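[1] Sequence and predicted structure below; questions after.
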Amino acid sequence: MVSGVQLLDVLLNGLTIGMVYVLVAAGLSLVFGVMGVLNLAHGELLALGSYFAFSLVTGFDTGGFWVALIAVPLVVGAIGAVTECGLVNRVYGRGQLAQILLTFGLLLVIYDVKRFVWGTDPKFYSPPAVVDQAVTLVGYSYSGYSYFIIAAGGLIALAVWAVLTHTRVGLVIRAGSEDREMVRNLGVDIDRYYTLVFGAGAALAAFGGVVLGGYQNVSLGMGNAVIIPAFVIVVLGGLGSFRGAVVGGLLVGIVQSAVSTFAPTIQGVVIFLLMIGVLLLRPEGLFGGTGEGLDAGRAEPSEFVSGLGGGVLTGHGRSRLGLAVVAVLALVPVFSGILYSGFVVSLLVTVLIWALFAMSLDIVLGYTGLISLGHALFYGVGAYATLLSLLYVSPSAFVALGVALVVTATVAWVVGHLAIRVSGVYFVMITLAFAEIVRQVAVRLDVTGGSSGLFGAPEPLYGIGGVGIRFSEVLVGVEPFVFTGDALFYYFLLGVVVASYLGVRRMMAAPFGTVLQAIRESELRARFVGYEVRSVKRQAFVVSSTLAGLSGALFALYNGFVAPDLLNWINSGNAIIMVVLGGSGTLYGPMLGAAAFTLIERQLSAVIPWWRLLLGTVFVVVVLVLPKGLVSLPARVRDLRAGADGPPAPTDEPRDAEVGPDD
Amino acid sequence: MDGTDGTTGAEESGTQSVRRRGALRYLGGGALAAALGTAGCVQQADGGGSTPTDMTTGGGDTETGSDSGDDTATGTGIEGSGAESVTMGVLVPESGPSAPLGGAQRQGAELGVQYVNGSDEFDFTIDPVFEDTQTDPSTGLQRAQSVVEDDGADYVVGALESSVALAVADYVSDRDVVYTSGAATIELTGESCNENTFRTETNAAQQMAGLVDFVASDLGSNLWIHTTDDTYGNSAVAQIERRIDAQGVDIEVVGQTMPDKGTSNYGPQISNISNSEADVLALPDTGADLINFMKQASSAGLTEEVDIIGTAIFAQVSRQALGSDAVGAYSSTLYNHALETGDNRAFVDAYRDEYDGVPGSFARVGYDMVRMTARGIQEAGTNDPAEVRNALEGLEVTTALGTTSFRACDHQAVNPVWTGQVVEGEEIPGIELLNQVSGDDAIRPCEETGCRL
């Protein structure tokens, strides 16, 4: 029996958190609408707001809270504006990948700066007692601070709406989010407004941070916790639509509240189900009606992927270099325990698994132009399928790998069937949604071991039907080259990775790969030429996902455990970063990126406490200086040297970056 | 174990210039050359004339070189020289959501190392290697591999998060490495137990036993359980229900709410509890989730309506964060700096000298996990992990919680649990201890653990 009081509770609870979502999503949506920038660091700006508020409240007691409400948005807004002037304006029109890498780099930098200044302990501050007590109205008691959040957030949203609809600045911004090029053609210098919009977005997020910090704790992870719902809301409401952000934010807040009251088992997945439903029925979002002018629907892999190939190394030199790398890798276990400890082999196993994962993503990202933020889904599914097969079907590693490949290919076909219908940012979000749903299911089910995962798989048998070998029980080779255990697995893995690379390279050189690249360059033309674009994309998606599943399966074979963390979207994000860092559309670039990323994350983090700052700075520098990723480093150095000796090299220079946004 | 000399192992490892980690695990040093000589391309390692008797562990010989080719820092026997050092990997989360707790555990572990190295009760010193597990099991596992394979540690202590601890336990299960855990997840000494894994931390079952007994005797009979939907939360609910059944007490669980980890708005759950007939709220929750819930519950007036008994409200970080919002709440309590048990007084003094302030439960666990492992090494008279493992089972040791031991059937430390109430304090609210449940009463019977050791 649902009472009226309960419904009122649900509504108010939903509005409270919904209002915070509105504040975050509004800025995110405007920034995307006007500048076409996906700002991953937006959540960190909110967290920054909370931390500033914490300092003010502890410094000036309750009066500090009121000061913080005004001052913190101004300060964070100014920080946002400066960031836009100095960094973000360098990536306009350079496609989503450049933006993702840059803003992710900023995210890491801001995160580490917060850690330096405020430490890792969560901080707490209470809002002034005036608003922080239960309020009883007509016999109904409810938290006064929630009323305050709803009222304050509502006022701010109203003010933003008024500015957008009743001022000239608002007019230009709205026009800009409809069609930037047209606004520019009309003689309005829209670029001037970018700094303003970015700063205002940051200020809104910071205001959200100040009120949210009084409601919960202030921690390093709070930006991360809010960014995913915010993206969902932006997509749900329609990119670039302020109305969409408001309605979407409140809707998501209320739906979350209702579901956690009446159907708590699906509370984690409901917003993703909602988003998938909306996107499949109305691919431009609830209020994104005039989306034609937006580049949201278009994947823009940008110069990050185009024109590589011959630019880096000649084909001959490249295969020789590749052979040399494989040869060096093959020698690593030989000197293990002599020149260095056995840990090097374990570390390289991790690197190779990530390299395979990153390469698999490159098929859809670099060759087809589809940015999947759900690739961890297949990595995780492959790992879970492998472990379940080892536990319940057969101890054979080959059977487990077969099961994993079949299961991931099937899941990929289903997900691909639904996800390929949308493109651009919507594809990014829908793949993320599927991955999150599967992660939630894995956490809920007993057969997948719940939130701690599955442990204690038997040691895999490399063979079939009871005939085969276990790596830890055999010695292979002749003295002094005798290998067992990890070293044998290492060779097995190296073989699989090299074979996968060669297979995919062959596939990309075949007509199939050429069609994929044609789709990446112009989907419309590919369709006019007569290709079934969706079907080709889906095939690429399935191939890519199956390889991702293979890398997950190898993880499970080696480590003997799986945990829901494997399905975490952070892994998908890391894979994108690796691909872009290394150089997408090259297959070996992503592998290089994976190696660099893993070594920094795993090894440097043990030595350097501020590794995030370092990694973030590397990303920012790569975006600004090496727009084609690490693989373009030799060419870039050559260009620079040529530039110093003689006239600057006219080709391949990222000068077009400064031209400003195109459509 | 009467170790005689420490030279054999050193001599042996000298002959093994080519060291193969996995191979040596199956082949005694003496048999190695013969086995390799006859090795074809593929050969079963446990055939070929290598029998267990070739392994040189019997007869008072304390050689340990054959378990792993990587220990570079450690010698072998610890008798005689008096200055042997034992490498110990200390794995705690120092980044991610658990970083503050991990930091406390590390502080405790550092004091534990100081204690061992400064005391003449031990014939060896500990050479600690600290690593950050972050939050995810893959990183945790990588760190465990690093300390064992790279630094040559035969002893690993720590880990806080359930999945990290389970991954580390899984890793040591088929190696000659002893792992003393600082995590609370029940499986570690339940279904996922193994002979190399011990746990200093009090587990969820012990703690819930204390909580249920107190609710039954002092608080009420209509119980609502609110926790986070994660491993700890789920096992807490299961253990509360188990204890209610086992003791046959008059408590009815009238409802439960288990939102996801990291929920920022607890309004719906607070409304549900408030609209129910519950008079007691059990809150087996930790970290930021606990703080956020308590803050919002207090703001909504729920703390006036029901008695709240938590499992981590006693923790210093919780009391500090909650301030007056925590006053009046009860908490099942694992440790308090004011306890007069064991050598707690000395621990608190040492902690004060080093870090200012008083230690919390995580620091206590860090301190004792190092010391309990060290007691085992001392008792075994060797740093051979296989011997130490046997010595640790059932060994009575003095800890900050009093005399306790790792139970042989599941390797769980038999710690007592207390119940306390949060009272007004000077800077932050304090804890007033109300009752104690002894270690033997709180722990599950061996046959119910699901552990087969």
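    Alright, I've got the coordinates.
[2] What values do phi and psi take at the residue most central in space within chain B?
    By Cα atoms, centre = their mean, chain B has its centre lying nearest to residue B:182, at 2.2 Å. Main-chain dihedrals, residue B:182, degrees, to the nearest 10: phi -110, psi 20.
[3] go on, residue B:254?
    phi -90, psi -10.
[4] List the residues that contact it.
    The contact partners of residue B:254, by Cβ atoms under 8 Å, 6 or more residues apart in numbering or on different chains, come to B:222-224, B:276-278. Just so you know, the C-beta spots here come from the backbone N, C-alpha and C atoms, and that holds for glycine as well.
[5] Equivalent analysis for residue A:114, please.
    Residues in contact with residue A:114 (Cβ under 8 Å, 6+ apart) are A:44, A:47-48, A:51, A:220.
[6] do you know how far the closest residue to residue B:325 other than its chain neighbours is from residue A:133?
    Leaving aside its chain neighbours, residue B:325 sits nearest to residue B:298 (4.0 Å; criterion: Cβ to Cβ, 6 or more residues apart in numbering or on different chains). Here the criterion is Cβ to Cβ, to the nearest Å. By it, residue B:298 lies 10 Å from residue A:133.
[7] who's more crowded, the two?
    The residue with more neighbours, out of residue B:298 and residue A:133, is residue B:298; 26 against 15, by other Cβ atoms under 10 Å in any protein chain shown.
[8] quick one: the more buried one and residue B:328 touch, right?
    No. Taking Cβ atoms under 8 Å as the definition, residue B:298 is not a contact partner of residue B:328, at 9.9 Å.
[9] any idea which element the residue in the stretch 1-150 of chain A positioned nearest to chain B lies in?
    Nearest to chain B, among the residues of the stretch 1-150 of chain A, is residue A:13, at 3.0 Å (Cβ to the nearest Cβ). Using DSSP states H and E, residue A:13 sits within helix A:4-35.
[10] Buried residues of that helix, list them for me.
    By 16 or more other Cβ atoms under 10 Å in any protein chain shown, the buried positions in helix A:4-35 come out as A:6, A:9-10, A:12-35.
[11] Can you give me the pLDDT of the residue of the stretch 251-400 of chain B found nearest chain A?
    Among all residues of the stretch 251-400 of chain B, residue B:267 sits closest to chain A, at 3.0 Å; criterion: Cβ to the nearest Cβ. Here the pLDDT value assigned to residue B:267 is 84.
[12] List buried residues within the contacts of residue B:254.
    Judged by 16+ other Cβ under 10 Å, buried ones among the contacts of residue B:254: B:222-224, B:278.
[13] Dump the residues you listed to TSV, plus distance to chain A, secondary structure and pLDDT.
    Shown next, in TSV, are those (distance: Cβ to the nearest Cβ, whole Å; DSSP: H, G, I helix; E, B strand; the rest coil; pLDDT from 0 to 100):
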residue	distance to chain A	secondary structure	pLDDT
B:222	19	strand	93
B:223	18	strand	95
B:224	14	strand	95
B:278	15	coil	93
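[14] Write out the residues of the stretch 151-300 of chain B neighbouring chain A.
    For the stretch 151-300 of chain B, the residues in contact with chain A (Cβ under 8 Å from any Cβ of the partner chain) are B:152, B:162-163, B:166-167, B:169-170, B:173-174, B:185, B:187, B:192, B:229-231, B:234, B:257-265, B:267-269, B:271-272, B:275, B:287-288, B:291-292, B:295-296, B:299-300.
[15] Repeat the analysis, applying 6 Å as the threshold.
    Selection of the stretch 151-300 of chain B residues close to chain A by Cβ under 6 Å from any Cβ of the partner chain yields B:162-163, B:166-167, B:170, B:192, B:230-231, B:259-260, B:262, B:264-265, B:267-268, B:271, B:288, B:291-292, B:299-300.
[16] Show me the helices in the stretch 251-400 of chain B, by range?
    Per DSSP state H, counting those that start in this stretch, the stretch 251-400 of chain B carries helices over the ranges B:267-274, B:287-299, B:302-305, B:316-322, B:344-355, B:361-380, B:385-392.
[17] What is the last one packed up against?
    By that I understand helix B:385-392. strand B:178-181, helix B:361-380 (3 or more Cβ pairs under 6 Å, 6 or more residues apart in numbering or on different chains; DSSP states H and E).
[18] you'd agree residue B:126 is in a strand?
    Yes. Under DSSP: H, G, I helix; E, B strand; the rest coil, residue B:126 sits within a strand.
[19] In contact with residue 419, which residues?
    All of this is about chain A. Taking Cβ atoms under 6 Å, 6 or more residues apart in numbering or on different chains, we find residue A:419 in contact with A:430-431.
[20] Not quite, go with chain B.
    If you count contacts by Cβ under 6 Å, 6+ apart, then residue B:419 has B:210, B:214, B:332, B:434-435 around it.
[21] Could you rank those by neighbour count and give me the top one?
    residue B:332 leads the contacts of residue B:419 on contacts (other Cβ under 10 Å) with 30 neighbours.
[22] Could you check how far the closest residue in space to that residue that isn't next to it in sequence is from residue B:435?
    Leaving aside its sequence neighbours, residue B:332 sits nearest to residue B:211 (Cβ to Cβ, 6+ apart; 4.2 Å). Using Cβ to Cβ, we find residue B:211 at a distance of 11 Å from residue B:435.
[23] now residue A:428
    Residue A:428 is 55 Å from residue B:435, by Cβ to Cβ.
[24] Show me how the record splits chain B into domains.
    B:84-202+B:344-404, B:204-333+B:416-444 (automatic domain parsing).
[25] start to end distance for the last one?
    Distance between the two ends of domain B:204-333+B:416-444: 10 Å, counting by Cα to Cα, to the nearest Å.
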